[in-house]
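A.B. asks: Give me a model of this one.
(chains A and B)
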There are 2 protein chains.
Amino acid sequence: MSENGAIKGDICLSEWVKRHGLALLTDWYELTMMGGYHRSGIGDQQACFEYFFRDLPPHNGFAVLAGLEAFLSYCENLRFEEEDIAFLRSSGNFDESFLDSLKSFKLTCNIWAMPEGMVVFPFEPIIRVQGRLFEVQLLETFLLNAMNYPTLVATKAARICSVAGNDPVVEFGLRRAQGPDGGLVGSRAAYIGGCSATSNVLAAKYFGIPVAGTVAHSWVMSFPSELEAFRAYVKIYPDSPILLVDTYDTLESGVPNAIIIFKELQKQGNPQRPAIRLDSGDLAKLSKVAYEMITAAGLNDPLIVASNELDEDLIAELKRQGAKINSWGVGTNLITSKDAPALSGVYKLVAIRSGETWEPRLKISSNPVKMTDPGVKRAVRFYDDDDTPIGDILYLVDEEIPKGEQVIGLDRQRFHRTYRLRPVHRNQELARPCFINGRRTVPPESIQDIRNRAKKQIAALPDELKRLRFPEIYPV
Amino acid sequence: MSENGAIKGDICLSEWVKRHGLALLTDWYELTMMGGYHRSGIGDQQACFEYFFRDLPPHNGFAVLAGLEAFLSYCENLRFEEEDIAFLRSSGNFDESFLDSLKSFKLTCNIWAMPEGMVVFPFEPIIRVQGRLFEVQLLETFLLNAMNYPTLVATKAARICSVAGNDPVVEFGLRRAQGPDGGLVGSRAAYIGGCSATSNVLAAKYFGIPVAGTVAHSWVMSFPSELEAFRAYVKIYPDSPILLVDTYDTLESGVPNAIIIFKELQKQGNPQRPAIRLDSGDLAKLSKVAYEMITAAGLNDPLIVASNELDEDLIAELKRQGAKINSWGVGTNLITSKDAPALSGVYKLVAIRSGETWEPRLKISSNPVKMTDPGVKRAVRFYDDDDTPIGDILYLVDEEIPKGEQVIGLDRQRFHRTYRLRPVHRNQELARPCFINGRRTVPPESIQDIRNRAKKQIAALPDELKRLRFPEIYPV
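C.D. replies: Numbers count the residues shown, from 1 in each chain, chains lettered A, B, ... in the order given. Below is the predicted model of the structure:
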């Protein structure tokens, strides 16, 4: 939890993260469709798909993009192994010519994507994939799996961290995460979204995230007394002495014992900042009383870490009530994005190439929101004089981006309405080429760079978009 | 979706599932506590921890246990690699004597656990771990990660399948799952809980789950017309011709075109069961009208698959309104357990060995529900004459299980109340030894056996526990 507790690993993604054998981590229908395109002879048809989401998580004014690195790494390494092909053969659904084509399968497509850490909005083409129908169809399932969840968690982390203000938020979610990757991928996304550290050691090692932790109740219960447990702990870890004070009785036993320990450290010439963790009870009241007790004992500026079912609403309330908490451990609600555990991202065909031009494709639906937005598009963000983003507009790729102080956009969320953005100072095309003719063209970004991008982008947003309830709707 | 679409793979768990390098997939404090126990000289103290959960997912009367296989496989393979130790060394937090002890680290503990597929309830010791404090502390984080999420999804699947009755429920969640394992582990748990198949090909391959799928809108949109898209599809996959009918207009175009195709198949002497998928719009109305149209065309007993944000409440409502749907594709709401995406399972120290006896350990909390239940316990289930479970009672391991027609239990959920179970016909101890003296003592179970256990156990439960709202509370 303290700075001292932080390790930064090298970015040495191991096989556990950069996994082989992902070709079959897909929906069955992607493979039957591939087989079908192959048999029908339309597999070489050039197609354009877009990844976008239709709804922000409830109450959110924006989302923070994460997950691209996993998707690009998948694209670089996508191969069908012998055992994958043998498994498909055993189904009896595929002919040998198709299975044979999988042996030499390699992506040749082009991919444009917005970078991780970018602030994004509904209906924007976040990733655009153009290539042979045969191969770009296959990318659907993994792309959605790789992007939806991290974006959700980075967004939730941004929301929680914005409420915590300058206090560090440490992600404690591994034990309630949805599987090992839920923990690992989630820790990375939480850090991108603004968390200061994670409790997850493997995430620290693979991604270079600072790691932190305190102590469990079992430590305190393993010693003959609470005082002995505390004393043993600070003897061994004198530089990060965060004492968990709620095992028996927070105010009658935990805090008084912690005070004894910190005074002992002081006497020993090791005046550590007094630090305690509260993990149950009324966190507002306990933190205020504990703060009083600690400072009344002549120990200054205590670090008071709180955990226990925290989320942005509870943190906001605790702060409103004057809680003396200055560090937050957030687990379940962050790692699962508990109030909205899925992002509705989809990957949709928007155009088929016919000769030299792209022919737009439109899906019609009796749920209007499920209609697709046809054509090969790019998103452009417009900024005002203060470099505040004032709106994003989608243009067809061959359309020119208008210049001038004022631009007109078509509202994607309320069909057929237009809106006006002004004053326009500059514009920025949001996606960039990442993978061209089957080769990756951008190197992996360091997690620090991604996190800094997110921080800067969030800081530049108007406050109206950051409200916890009914934020303003950003024009797209 | 059809039986024909199903593959059953061998149970050939690859390295992707049985991963190495899991020693650091843990919370930082587990390692600092291990280091501390080592330094304090109490690492060899024998400790007993229990895994249990405090709350069922909201509105549930029971949970279905899943995840044990991953935990036992982890226990068998738990080692610290050189690079793990090097990473820990780089933190500067650990002494060489501790790091050295990790080189030869191997579990020597004992584990009792309830089998997967068992119906379980709050406060029951589902897994009991006894061994050296040094090692059993480490198991906490992975155990919780391995058990909480699969149990949640198996429970959700059981709930959805119970509403679907005899209709198959196919799990379609990979694209919205929380990371690759969310999809993979989730597909396994969904199948254990009662789903008929998954769309996830890798899950099918690794776990031997039947795989299924239909076709995406992009297939239909890639052909010059819907009719041509349908015709191409059934030509290639004549045995599983489920046609997606909502790309352009379900009743004006999709269903009429599907009828043309099925009549063509009939004429060609390949009279397949007519099969369509609805993925948008009013599923009740569309399914009824589509059913009428298809049967009026002389095609009998159509298979009507529905998908689109389904969950148990919506399926119950669609059935109540007489929807003619007879197969359900459930994705997001199942794989993320969207209404309750985390199970509150915990792993708590309950006793420390002192000489020949176990000394109970009790954590006191100002949140009464967070108090632990001290002592080394076992759960016993009592059945009546019809072999219906009537209640579970926890006994200390050295306590005798009472005989007789009537037994008295202590209510764990409403402290200090007792209840009476009668008539008792037989009893069953729920956990069994799985891992003794550091060696696994039970072989992996086949997923079919686990699924059958769940099915049988759920069938034996009284209907009152299966109500979607306010189910009866099972006595524990």
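A.B. asks: In the stretch 301-450 of chain A, where is pLDDT below threshold?
C.D. replies: The stretch 301-450 of chain A contains residues with pLDDT under 70 at A:414-416.
A.B. asks: What angle do helix B:180-192 and the helix or strand where A:G186 lies make with each other?
C.D. replies: When secondary structure is defined by DSSP states H and E, A:G186 falls within helix A:179-192. Inter-element angle recorded for helix A:179-192 and helix B:180-192: 140 degrees (by axes from the mean of the first three to the mean of the last three CA atoms, to 10 degrees).
A.B. asks: who touches the helix or strand following helix A:179-192?
C.D. replies: Next in sequence after helix A:179-192, counting helices and strands by DSSP H and E, comes strand A:197-198. Outside strand A:197-198, the residues within contact range by CB atoms under 8 Å, 6 or more residues apart in numbering or on different chains are A:1, A:5-6, A:168, A:170-172, A:187, A:190-191, A:204, A:209-212. Any C-beta I mention is one placed from the backbone N, CA and C, and that applies to glycine too.
A.B. asks: mind exporting the helix or strand following strand A:197-198 as PDB, just the C-alpha atoms?
C.D. replies: As assigned by DSSP H and E, the chain's next helix or strand after strand A:197-198 is helix A:201-207. Coordinates of the C-alpha atoms in helix A:201-207 are reproduced here as PDB (Å, rounded to 0.1, in the frame of the first residue of the first chain):
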ATOM      1  CA  VAL A 201       1.300 -10.200  -7.800                       C
ATOM      2  CA  LEU A 202       1.200 -11.800 -11.200                       C
ATOM      3  CA  ALA A 203      -0.300  -8.600 -12.700                       C
ATOM      4  CA  ALA A 204       2.500  -6.700 -11.100                       C
ATOM      5  CA  LYS A 205       5.100  -9.000 -12.600                       C
ATOM      6  CA  TYR A 206       3.700  -9.100 -16.100                       C
ATOM      7  CA  PHE A 207       2.500  -5.600 -16.600                       C
END
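A.B. asks: Show me what the helix or strand just after helix A:201-207 packs onto, helices and strands only.
C.D. replies: The element immediately downstream of helix A:201-207 (helix or strand, assigned by DSSP H and E) is helix A:217-221. For helix A:217-221, the packing partners by 3 or more CB pairs under 8 Å, 6 or more residues apart in numbering or on different chains; DSSP states H and E come out as helix A:226-236, strand A:242-244, helix B:28-40, strand B:345-354.
A.B. asks: Could you figure out how far the third one is turned away from helix A:226-236?
C.D. replies: Which is helix B:28-40. 90 degrees.
A.B. asks: Might one say that A:A216 is in contact with B:M34?
C.D. replies: No - applying CB atoms under 8 Å as the test, A:A216 and B:M34 come out as separate, 11.2 Å apart.
A.B. asks: Enumerate the residues of the stretch 251-400 of chain A near chain B.
C.D. replies: A:280-282, A:286, A:308, A:332, A:336-338, A:341-345, A:348-349, A:352, A:361, A:363-367, A:370 (CB under 8 Å from any CB of the partner chain).
A.B. asks: just to revisit the earlier point, the helices and strands packed on helix A:217-221: which one's closest to B:F470?
C.D. replies: Closest approach to B:F470 among these (CB to CB): strand B:345-354, 23.2 Å.
A.B. asks: Quick check: phi and psi at the nearest residue to A:Y248 once chain neighbours are set aside.
C.D. replies: In this structure, A:Y248 finds its nearest non-sequential neighbour in B:I364, 5.1 Å apart by CB to CB, 6 or more residues apart in numbering or on different chains. The phi and psi torsions at B:I364 (degrees, to the nearest 10) take the values phi -100, psi 140.
A.B. asks: can you count the residues close to B:I364?
C.D. replies: Neighbour count for B:I364, taken as other CB atoms under 10 Å in any protein chain shown: 16.
A.B. asks: quick one: contacts for it?
C.D. replies: Contacts of B:I364 (CB under 8 Å, 6+ apart): A:T247, A:Y248, A:D249, B:M371.
A.B. asks: Same question for A:L139.
C.D. replies: A:F49, A:C75, A:L107, A:C109, A:V129, A:Y347.
A.B. asks: Would you check how far apart it and chain B are?
C.D. replies: To chain B, A:L139 is 11 Å away according to CB to the nearest CB, to the nearest Å.
A.B. asks: where does that residue land on pLDDT?
C.D. replies: What the model reports for A:L139 is a pLDDT of 98.
A.B. asks: Dihedrals phi and psi, A:R176?
C.D. replies: When read as degrees, to the nearest 10, the backbone of A:R176 gives phi -110, psi 10.
A.B. asks: residue contacts, it?
C.D. replies: A:R176 neighbours (CB under 8 Å, 6+ apart): A:G331, A:T332, A:I335, A:T336, B:L144, B:N145, B:N148, B:Y149, B:A342, B:L343, B:S344.
A.B. asks: So which of those residues are in helices?
C.D. replies: Assignment to helices by DSSP state H places the following of these there: A:T332, A:I335, B:L144, B:N145, B:N148, B:Y149.
A.B. asks: And those, which is closest to A:F62?
C.D. replies: Of all these, A:I335 has the smallest distance to A:F62: 20.4 Å, by CB to CB.
A.B. asks: what's near enough to touch the closest one?
C.D. replies: Applying CB under 8 Å, 6+ apart, the residues near A:I335 are A:V153, A:E171, A:G173, A:L174, A:R176, A:A177, A:G182, A:G183, A:G186, A:S187, A:A190.
A.B. asks: neighbours around the first one, how many?
C.D. replies: By that I understand A:V153. The number of residues packed near A:V153 is 35, by other CB under 10 Å.
A.B. asks: Find the nearest non-adjacent residue to it, please.
C.D. replies: A:A189 (3.9 Å).
A.B. asks: what's the helix holding A:G186 packed up against?
C.D. replies: helix A:139-164, strand A:169-171, strand A:197-198, helix A:201-207, helix A:332-335, helix A:447-460, helix B:139-164, helix B:180-192.
A.B. asks: For A:E83, grab the count of nearby residues.
C.D. replies: 13.
A.B. asks: Next, the angle helix B:139-164 makes with the helix holding A:G186.
C.D. replies: Inter-element angle recorded for helix A:179-192 and helix B:139-164: 110 degrees (by the same axes, to 10 degrees).
A.B. asks: Make JSON lines out of the contacts of A:R176 and add distance to B:N326.
C.D. replies: Listed next are the contacts of A:R176 as JSON lines, based on distance: CB to CB, whole Å:
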{"residue": "A:G331", "distance to B:N326": "41"}
{"residue": "A:T332", "distance to B:N326": "37"}
{"residue": "A:I335", "distance to B:N326": "37"}
{"residue": "A:T336", "distance to B:N326": "33"}
{"residue": "B:L144", "distance to B:N326": "39"}
{"residue": "B:N145", "distance to B:N326": "37"}
{"residue": "B:N148", "distance to B:N326": "33"}
{"residue": "B:Y149", "distance to B:N326": "30"}
{"residue": "B:A342", "distance to B:N326": "33"}
{"residue": "B:L343", "distance to B:N326": "31"}
{"residue": "B:S344", "distance to B:N326": "36"}
